[in-house]
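Colleague: compute the structure for the input listed below.
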Amino acid sequence: MPGIVGEGAAARRQASPSIKLSIKNLGVKFGSAIALNDVSLDVAEGEFVCILGASGCGKSTLFNVVSGLLTATSGKIVLDGQDVSDRPGQVGYMLQKDLMLPWRTVLGNITLGASLTRGATARDKAEAADLARRYGLGDFLNHYPHALSGGMRQRVAMMRTIAAGREMMLLDEPFGALDAQTRLGMQQWLLQLWRDLNRTILFVTHDVDEAIYLADRIVVMTPRPGRIAEILTVDLPRPRPLEVLTTDTFVGLKRQIMQHLYH
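Modeller: The predicted structure follows:
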């Protein structure tokens, strides 16, 4: 069943009509076990797409293939018109665990990618510091991870992913370990950041409310073998005030998704 095209999502696709990422007929097997079966998805430039499904449906496997960390059994990954299958480093990838290095400061963690690949320059550090100041980390640049809250650590991890300079970002349940209040604040923060920086985001979550609140479109996946059951367009305005969480559109989408997940 197709979703309803809303003003926010439609306007964004009209402004950025080109396809940023194309997942074509992707299949992944581990021995005789089929993790993904014929998954195809196009993501438009500047779009925010959430991948939603129960544990074991292949969401993280899909991300590992898109990021080039895992070789697919069949199909291919096309980014900006180029086949990037089995080519790591083409997208930004943030995991649920922040993976901060405890001996590096906030600034040092943000510039980690540059430090590991070519050596962080003064310009890298200045740009990272500016980014951190713009998004609420300016007072913490010289702090070490042990002094930060869970939400602040995730902000640093997000800044590190952005500083890597990739326009396509994969976010694998980045807020899953946070408490409900912190999580909602981080969702609002992420939407502001996404609007400002015009990145393209593919976001994995188990949380139905989170998917609806964040996404232009929601890809609902079936349990293993992972397939796309339905792609829903979220008909909610942007920017999204918290009031959208109680609208009929929000509740209707949630009901539709729950029917797939718990039928």
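
Colleague: only C-alpha atoms from now on, for both contacts and neighbour counts.
Modeller: Will do.

Colleague: ramachandran angles for the residue of the chain most remote from its centre?
Modeller: Largest separation from the mean C-alpha position in the chain: S32, at 29.4 Å (C-alpha atoms, centre = their mean). Dihedral angles of S32 (phi, psi; degrees, to the nearest 10) stand at phi -90, psi -10.

Colleague: any idea of the pLDDT on it?
Modeller: For S32, the pLDDT comes out at 89.

Colleague: repeat that for E7.
Modeller: According to the model, E7 scores 42 on pLDDT.

Colleague: cool, and R13?
Modeller: We have a pLDDT of 46 for R13.

Colleague: show me what contacts G58?
Modeller: Residues near G58 by C-alpha atoms under 8 Å, 6 or more residues apart in numbering: 35-36, 223-226.

Colleague: again, only using 10 Å
Modeller: Counting by C-alpha atoms under 10 Å, 6 or more residues apart in numbering, G58 touches 28, 34-37, 64, 221-227.

Colleague: now A147
Modeller: Counted by C-alpha under 10 Å, 6+ apart, A147 has contacts 102, 140, 153.

Colleague: from I34, how far out is it?
Modeller: 43 Å (C-alpha to C-alpha, to the nearest Å).

Colleague: H143 too?
Modeller: 45 Å.

Colleague: for I231, phi and psi?
Modeller: phi -120, psi 120.

Colleague: apologies, that question was intended for D42.
Modeller: Per-residue torsions, D42: phi -110, psi 130 (degrees, to the nearest 10).

Colleague: nearest residue to it in space, please, no chain neighbours.
Modeller: Nearest residue to D42 in three dimensions, chain neighbours excluded: S22, at 4.4 Å (C-alpha to C-alpha, 6 or more residues apart in numbering).

Colleague: one more: Y93?
Modeller: Using C-alpha to C-alpha, 6+ apart, the closest residue to Y93 is L170 (4.7 Å).

Colleague: roughly how far is the helix or strand containing the one you found from the heart of the chain?
Modeller: Following DSSP states H and E, one finds L170 within strand 168-172. How far strand 168-172 lies from its chain's middle: 4 Å, per C-alpha atoms, centre = their mean, to the nearest Å.

Colleague: which outside residues touch that strand?
Modeller: In this structure, residues lying in contact with strand 168-172 by C-alpha under 10 Å, 6+ apart are 20-21, 43, 45-51, 59-60, 63-64, 66-67, 79-80, 90-97, 158, 161-162, 198-205.

Colleague: give me the sheet partners of it and which way each runs.
Modeller: Using DSSP bridges, strand 168-172 pairs in its sheet with strand 92-94 (parallel), strand 200-205 (parallel).
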